[in-house]
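Undergrad: Sharing a model that was predicted from the sequence below.
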Amino acid sequence: MPSAPSSRVLTVAVAQMGPIARSETRTQAVERLISLMEESHGLGAKFVVFPELALTTFFPRWVIDDEEELDSYFETSMPNNETQPLFERARELGCGFHLGYAELVRDDAGKKTYFNTAILVDDTGAITGKYRKIHLPGTAKTVAGAPHQHLEKRYFEVGDLGFPVFQSQGGVMGMCICNDRRWPETWRMLGLQGAELVALGYNTPHVNPFATAEPVFLGMFHNHLSMQAGAYQNGTWVVASAKAGVEEGVHHMGGSCIIAPTGEIVALCHTEGDEVAVAQCDLSMGDYIKQNIFNFEAHRRIEHYGLITSQTGMKRPDGV
Ligand code: CDT
């Protein structure tokens, strides 16, 4: 049975965003984030999860050849002039947050590296964790005939930070970003480190531009299925925030939610616009799962899992 509520209850908000237009400035996006944070705080939240690439439109849908234009979608420091008000409001309200954004890193020689990044910020406004997206979907080259492009492999490098967890907001927190949520490896890496809450954002088109024959209703089913399984199989809360609605002509799904370690959705957004949903998350709730059915120490059989890290693609054994 789930454990009784304890003092480790963290009131959490998932803050979904409606579309961000290509013309929208960082300042305008940050104003929206602040009002979502204020609404969340008014509902008792002490931690708010914002979407993937929450400061800009989802620019990987376009070919952008001009380097200056491409760089304009990326942050070179965090916080910066435009995002500082969000950090300050977090400190004033005593409300931590998770934020996804495009990150541009310059090394000492001036070489540029681009990541799809998310950070954890605590209730004092201090950054307590960073994650860089590992599973980059889509293509590096354009796909002829697709209704729109999905060029994450063109614009981002694979994240170089692994799947870390952090002590923040009184719990063990992990992060992943959008497509990462579909891979059981993501969840198990976080689960093996004792994650109690996983925060993530997503930008998911209603119609996968490369699998247009798939019935549209399956998109939301797979979205929730992946995260509910990840939550249950690792005994962790999942707080997942979408950028939803029709953004620059592409319809993105909403369905932002908070999932308990039992795998049950306990809070769900119902619109495709800016919207907040809140839940009281007992960070100890997953303990009984971690200690019983998914007691990794007692039951995992790593001697039989070798293919998971030695082989990438599917390969049928000889003779099969
Ligand atoms: N942003 C992101 O990772 N979106 C993907 C959809 C890719 S469709 C080619 C997702 O898995 O939701």
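TA: Okay, I see it.
Undergrad: what's the burial count for the residue lying closest to residue 249 once chain neighbours are set aside?
TA: Take residue 249 and drop its neighbours on the chain: the residue closest to it by CB to CB, 6 or more residues apart in numbering is residue 148, 7.4 Å away. For the C-beta atoms, the positions are set from N, CA and C on the backbone; glycine is no exception. For residue 148, the neighbour count with other CB atoms under 10 Å is 16.
Undergrad: pretty sure residue 148 is in contact with residue 59, am I right?
TA: No. In this structure, residue 148 is not within contact of residue 59 by CB atoms under 8 Å, at 11.7 Å.
Undergrad: in this protein, which residue is closest to the centre?
TA: In the chain, the C-alpha nearest the mean C-alpha coordinate belongs to residue 200, at 2.1 Å (CA atoms, centre = their mean).
Undergrad: So which residues make contact with the helix or strand hosting that one?
TA: Using DSSP states H and E, residue 200 falls within strand 197-202. With CB atoms under 8 Å, 6 or more residues apart in numbering as the test, strand 197-202 has contacts from 10, 12, 49-54, 98, 100, 118, 120, 169, 171-178, 180-181, 187, 190, 223, 227, 230-231, 236-243, 281, 283.
Undergrad: So which of those residues are in strands?
TA: Assigned to strands by DSSP state E, the following of these qualify: 10, 12, 49, 98, 100, 118, 120, 171-177, 237-242, 281.
Undergrad: interface residues of this structure facing the ligand?
TA: 52, 137-138, 150, 178-179, 182, 202-205, 208-210 (CB under 6 Å from any ligand atom).
Undergrad: swap the cut-off to 8 Å and go again
TA: For the chain, the contact set with the ligand under CB under 8 Å from any ligand atom comprises 52-53, 58, 60, 116, 133, 135-138, 150, 152, 177-182, 202-205, 208-211, 223.
Undergrad: Name only those of those residues that count as buried.
TA: 52-53, 58, 60, 116, 133, 135-138, 150, 152, 177-182, 202-205, 208-209, 223 (16 or more other CB atoms under 10 Å).
Undergrad: Buried ones in stretch 229-237, by neighbour count?
TA: Burial within stretch 229-237, assessed by neighbour count using 16+ other CB under 10 Å, is assigned to 229, 230, 231, 232, 233, 234, 235, 236, 237.
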